[in-house]
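[1] Build me a model:
(one chain, ligands or ions: 1)
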Amino acid sequence: NPPNLQMGEGSVLERSSCRAKGGAPGFKVAILGAAGGIGQPLAMLMKMNPLVSVLHLYDVVNAPGVTADISHMDTGAVVRGFLGQSELEAALTGMDLVIIPAGIPRKPGMTRDDLFKINAGIVRTLCEGIAKCCPNAIVNLISNPVNSTVPIAAEVFKKAGTYDPKKLLGVTSLDVVRANTFVAEVLGLDPREVDVPVVGGHAGVTILPLLSQVKPPCSFTQEETEYLTKRIQDGGTEVVEAKKGAGSATLSMAYAAVKFADACLKGLRGDAGVVACAFVASQVTELPFFASKVRLGRTGAEEVYQLGPLNEYERIGLVKAKKELAESIQKGVSFIRN
Ligand code: NAI
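    Below you'll find the predicted structure:
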């Protein structure tokens, strides 16, 4: 059975892992929910990342199949599969970075908050495992509603005595990826040249693109500002509706997750000037968590940047964003405390 070949110590693949480590520095990465719509392309893209030496794929279904498939790619990372709760601890032990896309996605008509009931419990269980087996790992949390699941994770880690706010990062990079794409379309630029900061949170009006701070410097009419802000905020819903019940964004999300994970790994490696937007513990506003640009380093989000100057439209958006965010954060905190 080929996937089992990878499990034993001293196996062919263990030895190749040592060789990989002898060359470029490699990190150990686990994906929890690796057999899902996001998990599978995310696993594939992480297998292609030269900074990854070991890739653990965990899910409650189909992990062996995805692992067998991905493991045939002739890239450096050694892949191992883990199926079900009884293998969670083995999946997590020794990891440097844990990426979590586990949980149900939206169907048409649902908000991200409608996912809370099921995903809150999934995130709690997975974070209890992280606290026990790899308390120093960086965590990239994708499972929705991110505005509540990040506070849930923080509370789980606090209870376990392992909480390091620098290491818990809610993934909002898809909002930035979408913003770059939509803004480039309006400006007639290559999206790779565009950088749009997106702050706040990851749901509806909490997604606040700062169009006044777009690079390269540019200006928008009021009509363009309203069109772009709404399209960026509703980007997820655009995909949910187009998929007609078959799920939410998976391919663009996997791309965005890998962009962000790669930034985290470059930070861990000690690269200078690695900056990305993420939903983190924050003192930028009066809220305990907020998404903004952060500098990623050896210990995680080492610096959380201020928002910079906002225009009138953005200031009004910020007030709306904070109101909804406060409720979502509280809901997550209460889930663990009560
Ligand atoms: P999916 O349903 O295709 O995959 C989810 C996977 O999680 C499944 O393979 C399932 O077996 C697994 N899973 C369920 N319970 C688990 C547990 N206890 N432990 C480990 N794995 C478990 O869903 P999809 O499309 O991959 O979305 C995953 C999550 O990502 C959803 O909550 C979705 O809302 C969220 N998402 C977040 C985005 C963001 O920007 N942060 C963007 C798009 C989706």
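
[2] Can you name the residues of the stretch 201-338 of the chain that neighbour the ligand?
    Proximity of the stretch 201-338 of the chain to the ligand is assessed by Cβ under 6 Å from any ligand atom, with 202, 247-250, 253 identified as the residues in range. (C-beta placed from N, C-alpha, C; glycine too.)

[3] Looking at those residues, which are in helices?
    Judged by DSSP state H, helices contain the following of those: M253.

[4] Including pLDDT and distance to S292, could the residues of the stretch 201-338 of the chain next to the ligand go into a markdown table?
    Formatted as a markdown table, these follow (pLDDT from 0 to 100; distance: Cβ to Cβ, whole Å):
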| residue | pLDDT | distance to S292 |
| --- | --- | --- |
| H202 | 98 | 13 |
| G247 | 94 | 29 |
| S248 | 96 | 24 |
| A249 | 97 | 22 |
| T250 | 98 | 26 |
| M253 | 98 | 20 |
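
[5] mind listing what the residue nearest the centre of the chain touches?
    Residue closest to the mean C-alpha point of the chain, counted by Cα atoms, centre = their mean, is V171 at 3.0 Å. By Cβ atoms under 8 Å, 6 or more residues apart in numbering, the residues touching V171 are 99, 140-142, 146, 202, 256-257, 260, 278-279.

[6] So for it, what's the pLDDT?
    Here the pLDDT value assigned to V171 is 98.

[7] and the residue in the chain that the ligand sits nearest to, how far is that from Q233?
    In the chain, the residue that lies nearest the ligand is G36 (2.0 Å; Cβ to the nearest ligand atom). For G36, the distance to Q233 equals 24 Å [Cβ to Cβ, to the nearest Å].

[8] for the stretch 1-150 of the chain, which spans come out with low pLDDT?
    1-25 (pLDDT under 70).

[9] Could you list the contact residues of it toward the ligand?
    When proximity is defined as Cβ under 6 Å from any ligand atom, the stretch 1-150 of the chain approaches the ligand at 32-33, 35-39, 59-61, 101-106, 115, 119, 122, 125-126, 142-144, 146.

[10] now the residues you listed: which count as buried?
    Neighbour counting by 16 or more other Cβ atoms under 10 Å classes 32-33, 35-39, 59, 101-106, 115, 119, 122, 126, 142-144, 146 among these as buried.

[11] Mind jotting down where the strands sit in the stretch 1-150 of the chain?
    In the stretch 1-150 of the chain, the segments counted as strands under DSSP state E, counting those that start in this stretch are 27-32, 52-59, 78-83, 97-100, 138-141.

[12] Contacts only, for P165.
    If you count contacts by Cβ under 8 Å, 6+ apart, then P165 has 154, 280-281, 301 around it.

[13] do that again at 6 Å, thanks
    Residues counted as contacts of P165 (Cβ atoms under 6 Å, 6 or more residues apart in numbering) are A281.

[14] ok, it to A281 distance?
    4 Å.

[15] Quick one: mean pLDDT for the lengthiest helix in the chain?
    As far as residue count goes, and with DSSP H defining each element, the longest helix of the chain is helix 312-337. Confidence over helix 312-337, taken as the mean pLDDT, stands at 98.

[16] The chain should start at 45 in everything you say after this.
    All set: I'll call the first residue 45, so the last point we hit is now helix 356-381.

[17] Show me what counts as buried in it.
    For helix 356-381, the neighbour count (16+ other Cβ under 10 Å) marks 358, 361-362, 365-366, 368-370, 372-373, 375-377, 379-380 as buried.

[18] helices or strands up against it?
    Based on contacts counted as 3 or more Cβ pairs under 6 Å, 6 or more residues apart in numbering; DSSP states H and E, the elements that helix 356-381 packs against are helix 190-204.

[19] Which strands and helices lie in contact with the next helix-or-strand element following the helix it packs on?
    Scanning forward in sequence from helix 190-204, with DSSP states H and E defining helices and strands, the next element found is strand 212-214. In terms of contacts (3+ Cβ pairs under 6 Å, 6+ apart), strand 212-214 is packed against strand 182-185, helix 190-204, strand 319-325.

[20] now these in TSV, with distance to L233?
    As requested, the helices and strands packed on strand 212-214 are exported to TSV (distance: least, Cβ to Cβ, whole Å):
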stretch	distance to L233
strand 182-185	28
helix 190-204	28
strand 319-325	19
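
[21] Tell me which stretches of the stretch 145-294 of the chain form helices.
    If DSSP state H, counting those that start in this stretch is used as the criterion, the helices of the stretch 145-294 of the chain fall at 160-177, 190-204, 217-231, 266-277, 279-287.

[22] Of those helices, which is nearest L254?
    Shortest separation from L254 across the helices of the stretch 145-294 of the chain is recorded for helix 217-231, at 9.2 Å, computed as Cβ to Cβ.

[23] Need the winner for burial among the helices and strands packed on strand 212-214.
    When you average the neighbours per residue for each of these (mean count of other Cβ atoms under 10 Å), strand 182-185 leads with a mean of 26.

[24] Now do stretch 346-358: distance to the chain's middle.
    Here the centre of mass of C-alpha atoms in stretch 346-358, compared against the chain's by Cα atoms, centre = their mean, to the nearest Å, lies 21 Å away.

[25] for it, which positions count as buried?
    Neighbour-count burial for stretch 346-358, with 16+ other Cβ under 10 Å as criterion, is recorded at 348, 351, 354, 358.
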